[in-house]
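>>> just a sequence and a predicted model for now, questions to come.
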Amino acid sequence: MKKRFNANKRKEKGERFSVRETSDVPPEQQPPLFSLRYINKDYSLSQCTKDEKAAFADTLDRLSQLTWNQIKASPRHGLGYEKIERNSINSSIPTHIKDDVNFIAFRFCGMAPMVGYRDGAVFYIIWLDRDFTLYPHS
């Protein structure tokens, strides 16, 4: 008799895995979590080449091995990031993002940045600026 998977029963922990509680760990000591929930369709993965998509996945993997403190200490053109001025962005900013939110950019493919904002340990990716049109680059 075959055992059927029941999609309604989610296993939260067991012999093979467990859920790690991070609520008591400060966000700076946690690795980043990445979200594409609010990504702009004009600057999304669907606009990227196969190589850019692979570089994006590799960058997320590499960043997820570090804590936010380690990322802050990294060079901005390495695994670190730089702040991007809100008024320099040449795209619409999602309405849920308040004026006091700081945008930051990580490099995901060569010098091409992924731009978004951080909330606790989560980095919300809004734009993948593969063609360098999102903001003036110097």
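Done, it's in. Numbers count the residues shown, from 1 in each chain.

>>> does the residue nearest the centre of the chain have beta-bridge partners, and which?
For the chain, the residue nearest the mean C-alpha position is residue 34 (3.7 Å; Cα atoms, centre = their mean). Note on residue 34: beta-bridge partners residue 123, judged by DSSP bridges.

>>> pLDDT value on it, please?
pLDDT, the model's per-residue confidence, is 98 for residue 34.

>>> which pLDDT value goes with residue 8?
Reading off the confidence values, residue 8 has pLDDT 52.

>>> equivalent analysis for residue 19, please.
pLDDT for residue 19: 55.

>>> kindly report the same for residue 12.
Per-residue pLDDT puts residue 12 at 54.

>>> this protein: strands as residue ranges?
For the chain, strands defined by DSSP state E occupy the ranges 33-35, 82-84, 103-109, 112-119, 122-128.

>>> give me the helices and strands touching the second one, please.
Packing contacts for strand 82-84, counted by 3 or more Cβ pairs under 8 Å, 6 or more residues apart in numbering; DSSP states H and E, involve strand 103-109. Every residue, glycine included, has its C-beta placed from N, CA and C.

>>> from the contact counts, what lies against the strand it packs on?
Right, strand 103-109 is packed against helix 50-63, strand 82-84, strand 112-119, strand 122-128 by 3+ Cβ pairs under 8 Å, 6+ apart.

>>> that older thread, I figured the residue nearest to the centre of the chain hits residue 119, correct?
No - taking Cβ atoms under 8 Å as the contact criterion, residue 34 and residue 119 are not neighbours in contact, 11.9 Å apart.

>>> for this protein, which spans come out with low pLDDT?
Under the criterion pLDDT under 70, the flagged ranges of the chain are 1-23.

>>> and if we set it to 50?
Where the chain drops to pLDDT under 50, the residues are 9, 11.

>>> how about the strands of the chain in CSV, adding distance to residue 65?
Compiled in CSV, the strands of the chain are given as follows (distance: least, Cβ to Cβ, whole Å):
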stretch, distance to residue 65
strand 33-35, 13
strand 82-84, 20
strand 103-109, 14
strand 112-119, 17
strand 122-128, 14
